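Novice: sequence plus predicted model, see below.
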Amino acid sequence: MAFRKDDRDKPRYHLLPRPALEEVIRAFMHGAGRYGAFNWRECTDPVRYLDAAARHVMRALDDPAVVIHDEESGLPVLAHAAASVLIALQLQMEGDGHGGEAG
């Protein structure tokens with residue numbers, strides 16, 4: 001019998017750009033150290049994280065040909081942007097964010 005495994009619709013993690021993903025993980029680690037691990041779960045408004053992502057992206061657009069680092073963390077601003085987008089997506093997927101004022 002020939003090898004068979006039905007994984008057509010399963011995530012293909014090998015497609016992720018690992019070095020960039022590790023920078024995003026470092027951004028999460030920085031946030032955990034500053035605010036506490038999983039503090040973002042207390043947020044009910046994904047717009048706050050979308051705004052943060054936009055600020056980081058706008059900063060990266062100052063010179064898109066080079067890696068621009070966040071002054072506080074020393075990490076690439078796009079790593080912070082990606083972390084913020086992931087949080088906003090998770091909040092949306094969990095149904096936690098249905099608008100509201102950013103406080």
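Specialist: Here it is on my side, so go on. Numbers count the residues shown, from 1 in each chain.
Novice: quick one, phi psi at the residue most central in space within the chain?
Specialist: Residue closest to the average C-alpha location in the chain (C-alpha atoms, centre = their mean): Ala83, at 1.7 Å. The phi/psi pair for Ala83 (degrees, to the nearest 10) reads phi -60, psi -40.
Novice: now it: closest residue in space that isn't a chain neighbour?
Specialist: Excluding the flanking residues, the one nearest Ala83 by C-beta to C-beta, 6 or more residues apart in numbering is Ala27, at 4.1 Å. C-beta coordinates here come from the backbone N, C-alpha and C atoms, glycine included.
Novice: what pLDDT does that neighbour get?
Specialist: On pLDDT, Ala27 comes in at 98.
Novice: equivalent analysis for the one 3 residues further on, please.
Specialist: The predicted local confidence for His30 comes out at a pLDDT of 98.
Novice: repeat that for the one 5 residues further on.
Specialist: The pLDDT attached to Tyr35 in the predicted structure is 96.
Novice: give the burial count for it, as a bare number.
Specialist: If you count neighbours by other C-beta atoms under 10 Å, Tyr35 ends up with 11.
Novice: that one and Cys43, how far apart?
Specialist: Tyr35 sits 10 Å away from Cys43 when distances are taken as C-beta to C-beta, to the nearest Å.
Novice: same thing with Met93?
Specialist: The gap separating Met93 from Cys43 is 14 Å, by C-beta to C-beta.
Novice: neighbour count winner among the two?
Specialist: Between Met93 and Cys43, Cys43 has the larger neighbour count (other C-beta under 10 Å), namely 18 against 10.
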